[in-house]
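> Fold the following.
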Amino acid sequence: MAAACGLLLGALAAASTNMNGAYVFGNPSRTGTYSTEYTDESFTVYSEKIATQYSQTYWIMQPKIPLPEDVVAKFNNSVIAVTGYEVDQVFRDVDGKETGSVPIYWAYNHHYVAWINGRADMVKLDKPDYSTGHPRYWKAVEREGTRLTTNPKILSPASAFISEGNGGEFRKSYHGYPRGYAQLIESPQVFAFTPMQIDTRNREYNGTGFKAGPLPKVSSAPADAQYSGLIECPCSTRRKREIVRTFALCEGAAQAAANADVCYEGVASVLNATGTVNATGIRADLPRGCSIVPGATASAPATAYFNTAPSGAACPTASAGGVEGTMHNLVRLHVAVNATGVTITATGPADVWFAAGFNAQAMAETPYAILMFPDGSVQERKLGTQSEDHHDPGTQLAAQVLVASNTVAAGLRTVVMTRALAGKTADHFTFTGKPAVLPMINAVGAGATLEYHKVKGPATLTLLGSKPACLCVGKEQGKIDGQAFPMNCNPEPQSDLLQQHNPSCFPDTYRGGLQCCKHGNFLLDADQEVPPGVMEYYMKFKFYYQPYDASYHQDLPRWYFQTENSHTEYDVPACTGEPCVHSITARTIGGLQAAVPADVQKASKGYKFIYCGGHCHTPSCLSLELYNGETGNLICRQEPVFGKGTGDRFEEPGYVALPPCLWGDEPGLLPPPVLSWDTPVMSIKRNNNTVGHTGEMASWQCRIAVVY
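Reported below is the predicted structural model:
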């Protein structure tokens, strides 16, 4: 069984030569001693200047920074083995000389991502990449045809991604690798860097230590907090929020309605009705969350019921008595589906053609459509595309509907049709007996023959049965400051954020985090004046290295996993009773794909862990645990070490260091856990939730070695 990574602090070296002093790690062996002193050659890189005002976020890709000339020359056309690094944030004078470290309670490092690039260029992505943790807007792309090394065990020679222990814990979390392991880069040339910093320096306070500055009303930080509430990226009134909800009937686990108001809105929307009854309560016979409960009779209104029970019945997958529903739009369409077939009743103007298309919101989706004409004929078509200057009526299909009646009254034509559930061809729409919300289009022509329509529009057809149906919320829900809100919460077993109805999953309940902390944003409310004064400082990286030796060094590709599973962040809701501990759990479905090419995985036996560093935020982090999902064996446990407020450098009260787990064959280290590429893993994250927190993170940033 893999040994637990419980923190054994021991006695630290009295006189460390490290840039940031002595370090500890989380899983020392009880036999021997492993030294965290860096002894290799090193070089230092400073970021571009960071300049911010109080409450302002700095989060942008800086211009590329050349590596020291001697390092570039030394490793031109050869490979450097980076064995570790240290990070700080520092003030510098006009001559570039350091004048001191910047306290973490003045400038909070929310996170950073960085690259050491050789023959690679940074390319901006069309949309953020959430697969690597914090949304990444850039990636390093190797220049084609420039690779010199032919060693297949150097997995990514053009670039090394730097991200371990990369938040408020960055200064006192160890970033070194056991001997024989390193990140390998061919012909290193430049440093690329994207920091996310939050200015929390109280401009009104000139004393020692920390004193909170002004905060927006939405901040959860208590008055006596040892941290600024700004580090949790509160969504102040400066942010413009737009909520555009879509709804669907669903089965199993899905994006649930966040609260009763969303439930009521959704039911009214999918039923095209305002006469529904709204209710909230606890019912064991209904699924947890939002349900549409049909009325006792056909004329009775349906009930939108928000069930707050801890658990409940499963969402129905079909209705024994069939489903039916009515669309009221340009065309009135009633559809009834049962085991024997489908009855479609369409009503529109008697003297022109009218039509309805199924499962689409635009002609560009080329849906199946039924068209009714004044001469009593009916056509079924697969529609073509449409633009302002082009109208494609598409292709007429083989007839499947049978016209049961065609009547005219008061200027309206009503056509009753029947057909089988299954479509006659792949281009015919297929109905099921399941409750559903179907996107629709409908149109009315200007004359008796099929020409460009006089009026058109999207619509919705909701099919319900006699049983309650589950209402879920679609993916495209809203925007913050014009940017689409990422609906990335996954269902169990991948994540339990949806099951917990975590507020971070939904734009209307989102209170703080990355979406409100974009570059340049001020986190104070609109009616709060930003205090004057600009703070200027730099990030500092010190990299340790050796010349690459193919007989000695093994490459360390990145292995990454989020306990918040693709959502990147989550809320820690305040507790309502003891114990005040909040937890989330995530599991992989199959193995987790590390940054290792598929052909290397196929040719190898698996991988072994060498370094694992978690990422969580001050001030509520309690623990991170990583398990082998097949055996249940603990791989790594991390517990933060909090600053004691002694006045010493890096001892700011309440701020964390995260001692990583290390494995190797040196004295003081445990042997590495070995996994196959398809071995699932499980992660559990725990937080103190005496008060609520937003924008919390729970990721694993590990380094592995391929087992050949």
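
> On the three-state scheme, residue 261 is what?
helix (DSSP: H, G, I helix; E, B strand; the rest coil).

> what's the distance between it and residue 293?
18 Å (C-beta to C-beta, to the nearest Å). Using the backbone N, CA and C atoms, a C-beta is placed for each residue, glycine as well.

> more crowded one of these two?
residue 293 (20 against 14; other C-beta atoms under 10 Å).

> phi, psi of the residue nearest to residue 314 when sequence neighbours are not counted?
Of all residues not flanking residue 314 in the chain, residue 287 sits nearest, at 6.4 Å (C-beta to C-beta, 6 or more residues apart in numbering). Taking degrees, to the nearest 10, you get phi -60, psi 150 for the backbone angles of residue 287.

> Per-residue pLDDT of residue 287, please?
Per-residue confidence (pLDDT) for residue 287: 85.

> Now do the same contact list for it.
Applying C-beta atoms under 8 Å, 6 or more residues apart in numbering, we find residue 287 in contact with 307, 312, 313, 314, 315, 468, 470.

> you'd agree the third one is up against residue 289?
Translated: residue 313. No: counting by C-beta atoms under 8 Å, residue 313 stays clear of residue 289, with 11.1 Å between them.

> and residue 384, helix, strand or coil?
coil.

> Which one of residue 313 and residue 289 is surrounded by more residues?
Set residue 313 next to residue 289 and count neighbours by other C-beta under 10 Å: residue 289 wins out with 29 against 16.

> So the more buried one is in contact with residue 305, correct?
No: using C-beta under 8 Å, residue 289 makes no contact with residue 305, being 9.5 Å away.

> what touches both of these two?
Joint contacts of residue 289 and residue 305 (C-beta under 8 Å, 6+ apart) are residue 263.

> For the stretch 201-350 of the chain, which segments are assigned as helices?
Using DSSP state H, counting those that start in this stretch, the helices found in the stretch 201-350 of the chain span residues 260-270.

> Report the residue spans of it with pLDDT below the cut-off.
Counting by pLDDT under 70, the stretch 201-350 of the chain shows low-confidence ranges at 251-256, 273-275, 297-299, 318-320.

> give the contact list for residue 381.
Applying C-beta under 8 Å, 6+ apart, the residues near residue 381 are 368, 369, 371, 393, 394, 395, 396, 397.

> repeat that for 6 Å
Residue 381 makes contacts with 369, 394, 396, as judged by C-beta atoms under 6 Å, 6 or more residues apart in numbering.

> Going through those residues, which ones are buried?
369, 394 (16 or more other C-beta atoms under 10 Å).

> so where's the stretch 401-550 of the chain uncertain?
Short version for the stretch 401-550 of the chain, where the test is pLDDT under 70: 474-477.

> just the strands in it please.
402-409, 412-419, 436-444, 455-463, 469-473, 478-480, 483-484, 535-547 (DSSP state E, counting those that start in this stretch).

> in its sheet, what does the helix or strand that comes right after the longest one sit against?
Using DSSP states H and E, the helix or strand that directly follows strand 535-547 along the chain is strand 554-555. Strands adjacent to strand 554-555 in the sheet, as given by DSSP bridges, are strand 181-186 (parallel).

> could you give the mean pLDDT of the partner strand?
Strand 181-186 carries an average pLDDT of 96.

> Just want the angle from it to strand 535-547.
On the basis of axes from the mean of the first three to the mean of the last three C-alpha atoms, to 10 degrees, strand 181-186 is oriented at 90 degrees to strand 535-547.

> quick one: the residue nearest to residue 314 and residue 499, what's the gap?
In terms of C-beta to C-beta, residue 287 sits 12 Å off from residue 499.

> And for residue 590?
Counting by C-beta to C-beta, the gap from residue 590 to residue 499 is 21 Å.

> Those two: who's more crowded?
residue 499 (18 against 10).

> burial measure for the nearest residue to the more buried one once chain neighbours are set aside, as a count.
Counting by C-beta to C-beta, 6+ apart, residue 499 lies nearest to residue 492, which is 5.6 Å off, once chain neighbours are set aside. As a burial measure, residue 492 scores 15 neighbours (other C-beta under 10 Å).

> Look up phi and psi at residue 492.
Dihedral pair for residue 492: phi -60, psi 150, per degrees, to the nearest 10.

> Only alpha carbons, please: show stretch 147-165 as CSV.
The C-alpha atoms that make up stretch 147-165 are tabulated as CSV, following Å, rounded to 0.1, in the frame of the first residue of the first chain:
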residue,chain,number,x,y,z
ARG,A,147,14.1,19.4,-33.5
LEU,A,148,17.7,18.1,-33.3
THR,A,149,17.4,15.4,-30.7
THR,A,150,16.4,12.0,-31.9
ASN,A,151,16.0,10.6,-28.3
PRO,A,152,12.3,9.6,-28.0
LYS,A,153,12.6,9.7,-24.2
ILE,A,154,12.9,13.5,-24.3
LEU,A,155,9.2,14.0,-24.7
SER,A,156,8.8,17.7,-25.3
PRO,A,157,12.2,19.1,-26.1
ALA,A,158,11.0,22.4,-27.5
SER,A,159,9.3,23.7,-24.3
ALA,A,160,8.9,23.0,-20.6
PHE,A,161,5.6,24.0,-18.8
ILE,A,162,6.2,25.4,-15.3
SER,A,163,3.2,25.3,-12.9
GLU,A,164,3.7,23.3,-9.7
GLY,A,165,2.7,24.9,-6.4
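
> Now it: buried residues?
Buried residues in stretch 147-165 (16+ other C-beta under 10 Å): 149, 154-165.

> Which ones among the residues you listed map onto helices?
In helices, judged by DSSP state H, none of the buried residues of stretch 147-165 are found.

> Closest to residue 700 out of those residues?
Using C-beta to C-beta, residue 164 is the member of the buried residues of stretch 147-165 that sits closest to residue 700, with 9.8 Å.

> Now for the residue nearest to the closest one when sequence neighbours are not counted, how many residues are close by?
Spatially, and ignoring its direct neighbours in sequence, residue 164 is nearest to residue 613 (4.1 Å; C-beta to C-beta, 6+ apart). Using other C-beta under 10 Å, residue 613 is surrounded by 27 other residues.

> for residue 577, same thing?
Here the count is done by other C-beta under 10 Å, and residue 577 has 5 residues near it.

> do residue 527 as well
Neighbours around residue 527, by other C-beta under 10 Å: 10.

> which non-adjacent residue is nearest it?
Residue 527 sits nearest to residue 237 (C-beta to C-beta, 6+ apart), 7.2 Å away.

> mind checking how far that neighbour is from residue 509?
Taking C-beta to C-beta, one finds residue 237 at 16 Å from residue 509.

> Ok, residue 380 next?
Taking C-beta to C-beta, one finds residue 380 at 44 Å from residue 509.

> Any figure for the gap between the closest residue to residue 321 other than its chain neighbours and residue 285?
Leaving aside its sequence neighbours, residue 321 sits nearest to residue 466 (C-beta to C-beta, 6+ apart; 4.9 Å). As judged by C-beta to C-beta, residue 466 and residue 285 stand 14 Å apart.

> same check, this time on residue 200
50 Å.

> With residue 116 instead?
59 Å.

> So between these two, which is more surrounded?
Each of residue 116 and residue 285 has its neighbours counted (other C-beta under 10 Å); residue 116 has more, 26 against 11.

> ok, the more buried one - contacts?
160, 185, 188, 191.

> List the contacts of the residue nearest the centre of the chain.
By C-alpha atoms, centre = their mean, the chain has its centre lying nearest to residue 567, at 2.3 Å. By C-beta under 6 Å, 6+ apart, the contact set of residue 567 is 488, 489.

> switch to 10 Å and redo it
130, 486-490, 495, 497-498, 502, 504-505, 513, 584, 586, 697-698 (C-beta atoms under 10 Å, 6 or more residues apart in numbering).

> can you confirm it is in a helix?
No: using three-state DSSP, the assignment for residue 567 is coil, not a helix.

> Let's see the pLDDT reported for it.
88.

> Please report phi then psi for it.
When read as degrees, to the nearest 10, the backbone of residue 567 gives phi -80, psi -20.
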